[in-house]
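# sequence plus predicted model, see below.
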Amino acid sequence: MSAPVELTHALEARAYTDPMVFDAECAGLLARTWQFAGHAAEVEKPGDYFTFEIAGQNLFCIRGRDNEIRAFYNVCQHRAHELVDGTGNAKVLVCPYHAWTYELTGQLRSGPNVKAIEGFDRSTVCLTEVQVEVFHGFIFVNLDPDAAPMDDWFPGARDALAAFVPDIDRLRPLEWVEIPEHCNWKVSIENYSECYHCQLNHPTFASGVVKPETYDIQPDGYCLRHTTECQNLDRMTYPIDLAANAHAGEYSSWFLWPLFSFQVYPGNVLNTYHWRPVDVDRVTVWRGWYTVDGVDSEVIRRLAVQDRATTVEEDIHLVESVQRGLKSRGYKPGPLVIDPKCGVMSEHSIKVLHGWMRAAIDGA
Ligand code: FES
Ligand SMILES: [Fe+2]
């Protein structure tokens, strides 16, 4: 008789409902992983900046005169007033409180009457910088100064993505779609990371975009890579040119733990997911759609509308129901469906995610 197999159970409900777990994730996980900040097109010229928030921290990103893109905590080093607001362009950064002035590199340049401070050396004052990587024009930051580079976290993703989207470095955002969901961010991430629910819940995606029977999801470092073939051309909901390049007939996505995904629809159409946790039971998902040089495209706009009306809308109902269910006293975490052959009817990718989530919760 063979030894009994140990079942893999889902995470306990409190991981998704306890505000203390959420606070620990903000202070721990989100502060030491690579987080999407914005697109390089938003800081095209020297001095262009935009503010953003990660794990409750207010930050801003700015392009320097040397064309470097930098990111800083949005706080003056004098008495903590916020330096900038929204978006804009600045020659130097002037704090609105007492007019201390900083270079675009973050270095303090001057301040009214600071010369009067005995023993003060202004060259010792600089805004607090955070790590930045520009990943095919997508700006990511990491609040952990010792974090390993993205290529270590997501091996091979940069090159593979460029092979799927040959013009990726020329893309600019065309559409942003904001989707508020009443669920914990992990519920939404898990829903994105398995296609066991696709055939039942996503008829348009499963019959008009991809072939679910070819779907699989495999980890590579902290990346979950989705791969599948496109639907037969006569069933596709939008036109694609299979001859355009080697990957035109495939669907693939690179989910970069914990809150971002590059997704390539058949026809080399890049779109992105950015999950922004709001509190323990709310997350906002930002969908981004792009075209070369930002040129308008009726096909892409229609695809964005179709995606919002079908896959996204269908998922909202699923994840919000799960969040209500996680609060039920009648729920005990069930076994994951782990098929040793993997494939679309298996939840092996959820097992991987749960491993990362448990490590984040325990180590937070
Ligand atoms: S707080 Fe910024 S100049 Fe005083
Ligand atoms: Fe889904």
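That came in fine, so what should we check first? Ligands and ions are numbered 1, 2, ... in the order given.

# hey, let's count contacts and neighbours off CA atoms from now on
Noted.

# which residues of the stretch 151-300 of the chain fall in helices?
Counting by DSSP state H, counting those that start in this stretch, residue ranges of the helices within the stretch 151-300 of the chain are 157-164, 185-192, 198-201, 203-208, 298-307.

# quick one: closest of the ones you listed to Ser253.
The closest of the helices of the stretch 151-300 of the chain to Ser253 is helix 157-164. By Cα to Cα, the value is 8.6 Å.

# mind listing what's buried in that closest one?
Ala157, Leu161, Phe164 (16 or more other Cα atoms under 10 Å).

# list the contacts for the residue of the stretch 201-350 of the chain found nearest ligand 1?
Using Cα to the nearest ligand atom, the closest approach of the stretch 201-350 of the chain to ligand 1 is made by Val278 at 27.8 Å. Contacts of Val278 were listed using Cα atoms under 8 Å, 6 or more residues apart in numbering, and they are Thr284.

# CSV for the buried residues of helix 157-164, including distance to Phe50?
As requested, these are arranged in CSV below (distance: Cα to Cα, whole Å):
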residue, distance to Phe50
Ala157, 27
Leu161, 26
Phe164, 29
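
# between those residues, which is closest to His98?
Lowest distance from His98 to the buried residues of helix 157-164 (Cα to Cα) belongs to Ala157, with 45.4 Å.

# do you know how far the residue nearest to Val134 when sequence neighbours are not counted is from ligand 1?
Nearest residue to Val134, sequence neighbours excluded (Cα to Cα, 6 or more residues apart in numbering): Phe140, at 6.3 Å. When distance is defined by Cα to the nearest ligand atom, to the nearest Å, Phe140 is 27 Å away from ligand 1.

# and for Arg65?
To ligand 1, Arg65 is 22 Å away according to Cα to the nearest ligand atom.

# mind checking the SS state of that residue?
Following DSSP: H, G, I helix; E, B strand; the rest coil, we place Arg65 in the coil state.

# Gln323 in helix, strand or coil?
Taken by three-state DSSP, the conformation at Gln323 corresponds to helix.

# I'd say it and Glu181 touch.
No: if you go by Cα atoms under 8 Å, Gln323 and Glu181 don't touch, sitting 9.9 Å apart.

# Asn67 versus Asp167, what's the distance?
According to Cα to Cα, to the nearest Å, Asp167 stands 21 Å off from Asn67.

# wait, Ala309
Distance of Ala309 to Asn67, given as Cα to Cα: 39 Å.

# tell me the secondary structure at Ile62.
Secondary structure assignment for Ile62 (three-state DSSP): strand.

# how about the contacts made by it?
Neighbouring residues of Ile62 by Cα under 8 Å, 6+ apart: Val43, Pro46, Gly47, Asp48, Tyr49, Phe50, Ile69, Arg70, Ala71, Leu104.

# for PyMOL, what selects the buried ones among the residues you listed?
Applied in PyMOL, the following selects the buried portion of the contacts of Ile62 according to 16+ other Cα under 10 Å:
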select buried, resi 43+46+47+48+49+50+69+70+71+104
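
# about what we covered before: surely the residue nearest to Val134 and Thr33 touch.
No: under the criterion of Cα under 8 Å, Phe140 makes no contact with Thr33, lying 9.7 Å away.

# most tightly packed of the helices of the stretch 151-300 of the chain?
Of all those, helix 185-192 carries the top mean neighbour count, a mean of 21, counting by mean count of other Cα atoms under 10 Å.

# pull out the buried positions in stretch 69-83.
Residues Ile69, Arg70, Ala71, Phe72, Tyr73, Asn74, Val75, Cys76, Gln77, Glu82, Leu83 are the ones in stretch 69-83 that count as buried (16+ other Cα under 10 Å).

# pretty sure the fourth one is in a strand, no?
In this case it means Phe72. Yes: counting by three-state DSSP, Phe72 is part of a strand.

# for the residue nearest to Val134, grab phi and psi.
phi -120, psi 150 (degrees, to the nearest 10).

# ditto for the one 4 residues further on
When quoted as degrees, to the nearest 10, the phi and psi of Asp144 stand at phi -90, psi 110.

# grab the nearest non-local neighbour of it.
The shortest distance from Asp144 to any non-neighbouring residue, by Cα to Cα, 6+ apart, is to Arg32 (4.8 Å).

# give me every residue that touches that neighbour.
By Cα under 8 Å, 6+ apart, Arg32 lies in contact with Asn142, Leu143, Asp144, Ala147.

# could you pull up the mean pLDDT of stretch 285-305?
Mean pLDDT, stretch 285-305: 95.

# what about it, start to end distance?
Stretch 285-305 stretches 15 Å from its first residue to its last (Cα to Cα).

# same check on stretch 342-349?
9 Å.

# how far does it sit from its chain's centre?
22 Å (Cα atoms, centre = their mean, to the nearest Å).

# got a list of contacts for it?
Residues external to stretch 342-349 that are found in contact with it (Cα under 8 Å, 6+ apart): 193-196, 212-219, 224, 336-339.

# check stretch 129-144 too.
By Cα under 8 Å, 6+ apart, stretch 129-144 touches 31-41, 69-73, 106, 145, 149-150, 158, 168-169, 171.

# which among the residues you listed count as buried?
Buried among the contacts of stretch 129-144 (16+ other Cα under 10 Å): 31-41, 69-73, 106, 150, 168, 171.

# picking that back up, pLDDT at the residue nearest to Asp144, what is it?
pLDDT, Arg32: 95.
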